[in-house]
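S.K.: have a look at this prediction, sequence included:
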Amino acid sequence: MPGSLSVATPNTAGVAIGAIILLGVPGAGKGTQARRIADRYRIPAISTGDMFREAIQADSALGRQVRQYLYSGELVPDDLVTAMVAARLERPDCRAGFILDGFPRTLPQTDWLYRYLDRAGRQPLPGPIVISLSVGYNELYRRLSGRRYCPVCHRNYNLFTQPPRQPGRCDLDGAELLQRKDDQPDVVRERLAAYERQTLPLLEAFRQRGKVFEVPGGEDVDHVSAGIFAILDGRRQGA
């Protein structure tokens, strides 16, 4: 799985697609759809969740700050998040556009993003387009609490929807599957509550500033992708 800091092949199609913002509660499928969008349009998918995990694994000073918030189910403070995102957006592969998965999550982060995109160097890009993935609470809880990953090959599983052939073991290397601390049931409940308190108001803020498209995220993954691609292809064609 590509990490948040990987550099995508620059878009050579001649059309600047701009910023694509994926919204949705934890477990809505933002990461999967971000990777599919990145492959189709040759722009980078930038995941703050991946950034956080990489910082924690590196045991950096930033990682230690992030850990205390992430493992308790709280949102990471805005100043830490925006600093990480700003550094990533300055890379050359973001010139034609990029996908933001997990950012912004608060109104101050939203204000910061629009100020950033309004800078002179970002003027040629179209304004941000927001795609909101909607999934029911029960389905989300099942997706999150059932997630497991292999610490060796990093393949992902779900005990309910994509279980391993041998319970608790990776299909590829037989390693014992692990559950991320932020996917444990008590943390999942707090993550969903935090999203409703602090992130849902972003939808209204985005509606006042530009285009917001609602896409049902509980359907088949390919069907969800097709809906997103139709929206983005319309943008590229000037619709």
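M.R.: Cool, got the structure.

S.K.: wasn't R148 part of a helix?
M.R.: No - with DSSP: H, G, I helix; E, B strand; the rest coil as the criterion, R148 is strand rather than part of a helix.

S.K.: go through stretch 127-143 and flag the buried ones.
M.R.: P128, I129, V130, I131, S132, L133, V135, L140, Y141, R142, R143 (16 or more other C-beta atoms under 10 Å). Every C-beta, even on glycine, is put in place using the N, C-alpha and C of the backbone.

S.K.: count of neighbours near R169?
M.R.: Counted with other C-beta atoms under 10 Å, residues neighbouring R169 total 15.

S.K.: what's the farthest-apart pair in the buried residues of stretch 127-143?
M.R.: Within those, two members stand farthest from each other by C-beta to C-beta: P128 and R142, at 30.9 Å.

S.K.: filter the buried residues of stretch 127-143 down to just the ones in strands.
M.R.: Counting by DSSP state E, the part of those found in strands is I129, V130, I131, S132, L133.

S.K.: list the contacts of D171.
M.R.: R155, P164, R165 (C-beta atoms under 8 Å, 6 or more residues apart in numbering).

S.K.: got a list of what the last one touches?
M.R.: Think R165. With C-beta under 8 Å, 6+ apart, R165 has these contacts: D171.

S.K.: double-check that it belongs to a strand.
M.R.: No - with three-state DSSP as the criterion, R165 is coil rather than part of a strand.
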